[in-house]
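A.B. asks: Build me a model:
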Amino acid sequence: MRIATYSPLPDDTAFHIKSAHFSHKTLQFHQHQSQPKHQSKVTLDITKPPNSKITIQILEFASSPDTYALPTYFKMPFGPFTLQWRAPSPNPPLPTPLPSGISRTYIQTPSGPLELLSSIPTNPTTTSKPPLFFAHGGFGCASVWLNYLTYFSSRGYACYAISYRGHGGSWYPGFWAMYFTGRHKIAEDLVAGIEAVEKMEQGRRKSDEKVNVVLLAHSAGGALSQYVLSRGMARVAGFCLLAGVPGFGS
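C.D. replies: Residues are numbered from 1 along each chain as shown. Below you'll find the predicted structure:
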């Protein structure tokens with residue numbers, strides 16, 4: 001994969017992603033597609049603000065019309081504002097320290113590993129209470145729920161929180177891969193977390209039946225949860241919205 005970085009922006013503001021094939025997608029991020037579909041170039045038209053620098057990475061894409069290699073880093077400073085996306089190395093990122101009583105595992109999915117934080121009650125008699133599953137909002141991660149995990153587990157509830165792809169300690173797509181990631185793909189991450197916890201709790205409780213979770217979701221995680229539940233992608237014992245975005249979007 002060939003990557004070139006340009007900074008500052010030259011007088012000619014047209015950049016080319018060589019051999020880019022988008023058979024089902026159209027770029028919509030302040031640019032236009034300069035050639036018809038299936039042609040070899042896509043042009044990015046970016047206006048340079050006064051006294052500013054723009055850093056753009058250009059790369060060689062894969063040759064297949066249905067697949068493309070992806071950049072790991074994209075950064076554009078516009079005066080006092082910066083748009084930046086960086087996939088960590090290693091990917092997923094190295095784990096960060098957790099408070100006492102919180103553990104971290106990873107759910108293996110076809111796309112990549114997803115971070116799952118959990119706090120399990122030490123009292124074995126609390127298995128009659130449903131497990132709680134926490135879904136974060138946009139730009140959040142599983143760690144935003146740490147206080148909730150600690151609080152509810154101390155009261156007998158098994159607690160779990162997931163980080164979707166590109167968030168927290170889960171795997172990170174490159175910039176364009178994340179840009180083209182639709183709601184259904186993120187919903188699949190949420191479903192993978194719910195299904196993993198159902199199996200974990202069934203084994204922990206030594207139950208012959210599936211153990212449904214109570215889903216608690218915040219902000220955009222609320223809209224994502226409504227998307228999942230309304231389409232029958234998962235079934236839960238209860239659903240709690242915390243400042244949730246409407247299911248039809250924000």
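A.B. asks: In this structure, what residue spans correspond to strands?
C.D. replies: 3-6, 14-18, 41-45, 56-59, 73-78, 81-86, 103-108, 113-119, 132-135, 159-162, 214-218, 238-242 (DSSP state E).
A.B. asks: Domain ranges for the chain, per the record?
C.D. replies: Following automatic domain parsing, the chain resolves into domains at 3-86, 103-242.
A.B. asks: What values do phi and psi take at the residue nearest to residue 167 when sequence neighbours are not counted?
C.D. replies: Spatial nearest neighbour of residue 167, excluding adjacent residues (C-beta to C-beta, 6 or more residues apart in numbering): residue 141 at 4.6 Å. Every C-beta, even on glycine, is put in place using the N, C-alpha and C of the backbone. When read as degrees, to the nearest 10, the backbone of residue 141 gives phi -170, psi 180.
A.B. asks: Surely residue 141 and residue 165 touch.
C.D. replies: No - if you go by C-beta atoms under 8 Å, residue 141 and residue 165 don't touch, sitting 11.1 Å apart.
A.B. asks: Let me see the contact set for the residue nearest to residue 167.
C.D. replies: Taking C-beta atoms under 8 Å, 6 or more residues apart in numbering, we find residue 141 in contact with 115, 163, 167-170.
A.B. asks: Could you rerun that using 7 Å?
C.D. replies: Counting by C-beta atoms under 7 Å, 6 or more residues apart in numbering, residue 141 touches 163, 167-168.
A.B. asks: same question, residue 218
C.D. replies: 136-137, 242-243.
A.B. asks: Need the buried ones from those selected in PyMOL.
C.D. replies: Selection of buried members from the contacts of residue 218 for PyMOL, criterion 16 or more other C-beta atoms under 10 Å:
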select buried, resi 136+137
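A.B. asks: circling back: between the contacts of residue 141, which sits nearest residue 190?
C.D. replies: Nearest to residue 190 among the contacts of residue 141, counting by C-beta to C-beta, is residue 163 at 10.6 Å.
A.B. asks: quick one, phi psi at the closest one?
C.D. replies: Torsion angles, degrees, to the nearest 10, at residue 163: phi -110, psi 120.
A.B. asks: Local confidence estimate at it?
C.D. replies: We note a pLDDT of 98 for residue 163 in this prediction.
A.B. asks: quick one on the thing from earlier: how much space between the residue nearest to residue 167 and residue 169?
C.D. replies: Separation of residue 141 from residue 169 (C-beta to C-beta, to the nearest Å): 7 Å.
A.B. asks: just to revisit the earlier point, now, of the contacts of residue 141, which are buried?
C.D. replies: The buried subset of the contacts of residue 141 - by 16+ other C-beta under 10 Å - is 163, 167-168.
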